[in-house]
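Visitor: Sequence and predicted model, in that order:
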Amino acid sequence: MELKFCPVCATSLIERPDEQEAGKLRLACPEGHWTHWDNPLPVLAALVEFEDKILLARNAAWPENTFALITGFMERGETPEQGVARELKEETNLDADEVTLIGVYEFIRKNELIIAYHVKASGTVSLSPELLEYRLIEPEKLRPWNAGTGHAMADWMRKRGLEPVYREWESK
């Protein structure tokens, strides 16, 4: 989303140096009503353990054979743990039985901060329309990618004595 106008007074935004941050340029209202900080968005990610395997899903917008963790945005009024459980339920219909933090990871390319969890889940898989298919992978056969949630997967593997073998993320 490209911001052009102040949400308070509708004046066109300008780039203005932030005096408190060594002159870093920020979009701002010339009247001083509003500043766009452009802070990273918190994204929740679930490495889902289901029936002793890891569930990976393919988003409808991704090419074939591209699978990843379940992800989504936090909502106002929920903890990250509640949010990851909600996203899991919305996207797969599974229930989060145990939620354990794996770690926090930068994803600078998309201006996001990923909060990744290992989630032990139960129930019956039923995918939301945003997901086309899923796979259940044995933990030792996981192949993390060298970005964002792939680092969380690799860290989870290492904690279990599994040495990750990275693969390239397909971006067709």
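Guide: Here it is on my side, so go on.

Visitor: now the helices for the chain?
Guide: 80-92, 148-159 (DSSP state H).

Visitor: now for these, which one comes closest to Thr35?
Guide: Thr35 sits nearest to helix 80-92 of all these, at 26.3 Å, using CB to CB. Bear in mind the C-beta positions are built from the backbone N, C-alpha and C, glycine included.

Visitor: List of residues touching the closest one?
Guide: 42, 44-46, 48, 55, 57, 70-75, 78, 94-96, 99, 115, 117, 119, 121, 125-128, 130-131, 134 (CB atoms under 8 Å, 6 or more residues apart in numbering).

Visitor: Any chance of CSV for the helices of the chain, columns mean pLDDT?
Guide: Listed next are those as CSV, based on pLDDT from 0 to 100:
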stretch, mean pLDDT
helix 80-92, 98
helix 148-159, 96
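
Visitor: Give me the buried subset of the contacts of helix 80-92.
Guide: 44-46, 48, 55, 57, 70-72, 74, 94, 96, 99, 115, 117, 119, 121, 125, 131, 134 (16 or more other CB atoms under 10 Å).

Visitor: just to revisit the earlier point, with distance to Ile14 added, can I get the helices of the chain in CSV?
Guide: Listed next are those as CSV, based on distance: least, CB to CB, whole Å:
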stretch, distance to Ile14
helix 80-92, 35
helix 148-159, 33
